[in-house]
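>>> Got a sequence here, can you build the structure:
(one chain, ligands or ions: 1)
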Amino acid sequence: MANTDGKMILDQLVAMSRALGEPARDYVILGEGNTSARVGDDRMFVKASGARLEGITADGFVEVNRGRVLGMLDAGELTDAEVEEGLRKALVDANSKRRPSVETLLHAYLLGTEGVNFIGHTHPTAVNAILCSREGKQAVAGRICPDEIVVCGVAPLSIDYVDPGVPLARAVRAETQRYIGQYGSRPQSVLMQNHGLIALGATPTQVEAITATWVKTARIITGAMAFGGPRFLSDDNVARICTRPDEIHRRRGITGDRR
Ligand SMILES: [Zn+2]
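This next block holds a predicted model:
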């Protein structure tokens with residue numbers, strides 16, 4: 001991968017991250033959330049640990065060797081110190097003062113799934129209000145609007161609470177593989193119980209669209225609770241939206257998705 005390509009990808013990642021970090025959107029505060037982008041087959045940019053998405057610049061990211069990070073997912077039990085050391089060794093610039101976020105592990109895996117070039121992980125208040133609720137899992141068990149399906153796909157991947165770091169990345173990997181077996185394609189979004197949202201995109205525009213649509217969907221679900229709870233679309237309704245040519249065309253317009 002030529003350096004100019006890497007620079008262009010980093011510029012796109014910075015712009016996407018700043019958009020996700022805008023305070024008015026209420027997706028993250030302080031150092032919450034992290035973003036990443038794939039650079040060729042074996043490298044990635046990821047937000048440095050502790051950096052804020054709001055107003056982030058290129059200095060807020062580190063470039064890491066994705067293969068080295070993935071090796072940690074197959075390495076058996078690792079102590080916190082071993083994980084930190086593994087992430088440090090994965091840095092392309094060994095002299096970097098910054099460290100990759102511990103969530104680099106799940107970014108590294110998800111950037112290897114089909115057609116994923118950019119990832120935005122946020123903790124939107126509207127979405128977490130549901131993911132942190134006792135009935136949260138049931139509240140997101142069905143689809144509520146055609147737009148949700150057009151932008152976010154047939155269903156999110158839901159993950160029960162797991163300790164962040166290696167255990168969470170392994171759970172996301174196992175559940176993504178199960179999801180692909182069930183639906184025949186990868187998820188567009190991941191909902192992590194008591195934690196937050198991951199939007200997976202071919203483009204930054206798609207990541208932003210998925211995040212915005214999930215926040216709106218979460219607000220609708222919360223509102224629907226005042227009138228007896230969400231009334232989910234039937235499986236037939238959902239399948240029809242997924243395959244209608246006009247909806248596929250609309251999705252391309254909204255997300256830049258070329259599939
Ligand atoms: Zn998080």
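>>> residues in contact with Asn128?
Contacts of Asn128 were listed using CB atoms under 8 Å, 6 or more residues apart in numbering, and they are 195-196. The C-beta positions use only the backbone N, C-alpha and C, and glycine is treated the same way.
>>> name the element it belongs to?
Element membership for Asn128 (DSSP states H and E) is helix 125-131.
>>> for the lowest-mean-pLDDT helix or strand in the chain, the distance to its chain's centre please.
When each helix and strand of the chain is scored by mean pLDDT, DSSP states H and E, helix 245-255 comes last, with a mean of 71. Centroid displacement of helix 245-255 relative to its chain, using CA atoms, centre = their mean, to the nearest Å, is 21 Å.
>>> Check stretch 170-179 too.
Relative to the chain's own centre, stretch 170-179 is displaced by 14 Å; criterion: CA atoms, centre = their mean.
>>> Kindly report the same for stretch 37-44.
With CA atoms, centre = their mean, you get 16 Å for stretch 37-44.
>>> what does it rub up against?
For stretch 37-44, contacts defined as CB under 8 Å, 6+ apart pick out 1, 5-6, 9-10, 12-13, 36, 45, 63-67, 92, 107-108, 111, 116-119.
>>> Buried by neighbour count, from the residues you listed: which ones?
6, 9-10, 12-13, 36, 45, 63-66, 92, 107-108, 111, 116-119 (16 or more other CB atoms under 10 Å).
>>> related to what we said a few turns ago, would you mind extracting the C-alpha trace of the least confident helix or strand of the chain into PDB?
Output in PDB follows, covering the C-alpha atoms of helix 245-255 (Å, rounded to 0.1, in the frame of the first residue of the first chain):
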ATOM      1  CA  PRO A 245     -34.600  -3.200  -6.000                       C
ATOM      2  CA  ASP A 246     -35.700   0.300  -5.100                       C
ATOM      3  CA  GLU A 247     -34.600  -0.200  -1.500                       C
ATOM      4  CA  ILE A 248     -31.200  -1.500  -2.600                       C
ATOM      5  CA  HIS A 249     -30.800   1.500  -4.800                       C
ATOM      6  CA  ARG A 250     -31.800   3.800  -1.900                       C
ATOM      7  CA  ARG A 251     -29.300   2.100   0.300                       C
ATOM      8  CA  ARG A 252     -26.500   2.800  -2.200                       C
ATOM      9  CA  GLY A 253     -27.600   6.500  -2.300                       C
ATOM     10  CA  ILE A 254     -27.600   6.800   1.500                       C
ATOM     11  CA  THR A 255     -24.500   4.800   2.400                       C
END
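>>> what's it packed up against?
helix 146-152, helix 204-224 (3 or more CB pairs under 8 Å, 6 or more residues apart in numbering; DSSP states H and E).
>>> Now do the phi/psi pair for the closest residue in space to Ile220 that isn't next to it in sequence.
Leaving aside its sequence neighbours, Ile220 sits nearest to Ile144 (CB to CB, 6 or more residues apart in numbering; 6.0 Å). For Ile144, the backbone dihedrals (degrees, to the nearest 10) come out as phi -110, psi -30.
>>> Can you check the pLDDT for Ile144?
With respect to pLDDT, Ile144 scores 93.
>>> same thing with Pro164?
pLDDT for Pro164: 88.
>>> Hmm, it is touching Val102, no?
Yes - contact criterion CB atoms under 8 Å: Pro164 and Val102 qualify, at 6.0 Å.
>>> Have a look at these two and say which one is more surrounded.
Between Pro164 and Val102, counting by other CB atoms under 10 Å, Val102 is the more crowded of the two (18 against 15).
>>> isn't Met192 right up against Ala169?
No - the criterion here is CB under 8 Å, and Met192 misses it with Ala169 at 11.3 Å.
>>> So which residue is smack in the middle of this protein?
Central residue of the chain (CA atoms, centre = their mean): Ile198, 2.3 Å from the mean position.
>>> May I have stretch 218-237 as PDB, with CA atoms only?
C-alpha atoms of stretch 218-237 as PDB (Å, rounded to 0.1, in the frame of the first residue of the first chain):
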ATOM      1  CA  ALA A 218     -33.200   3.600  19.700                       C
ATOM      2  CA  ARG A 219     -35.200   6.800  20.300                       C
ATOM      3  CA  ILE A 220     -38.200   5.300  18.400                       C
ATOM      4  CA  ILE A 221     -38.000   2.100  20.500                       C
ATOM      5  CA  THR A 222     -37.800   4.100  23.700                       C
ATOM      6  CA  GLY A 223     -40.800   6.200  22.600                       C
ATOM      7  CA  ALA A 224     -42.700   3.000  21.600                       C
ATOM      8  CA  MET A 225     -42.400   1.800  25.200                       C
ATOM      9  CA  ALA A 226     -44.900   4.500  26.100                       C
ATOM     10  CA  PHE A 227     -47.500   2.800  23.900                       C
ATOM     11  CA  GLY A 228     -47.100  -0.900  24.700                       C
ATOM     12  CA  GLY A 229     -43.600  -1.500  23.300                       C
ATOM     13  CA  PRO A 230     -42.300  -1.800  19.700                       C
ATOM     14  CA  ARG A 231     -44.400  -3.500  17.100                       C
ATOM     15  CA  PHE A 232     -41.800  -5.400  15.100                       C
ATOM     16  CA  LEU A 233     -42.100  -5.900  11.300                       C
ATOM     17  CA  SER A 234     -42.700  -9.500  10.300                       C
ATOM     18  CA  ASP A 235     -39.900 -11.700   8.900                       C
ATOM     19  CA  ASP A 236     -41.600 -11.500   5.500                       C
ATOM     20  CA  ASN A 237     -41.700  -7.700   5.700                       C
END
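>>> Alright, I will stop here.
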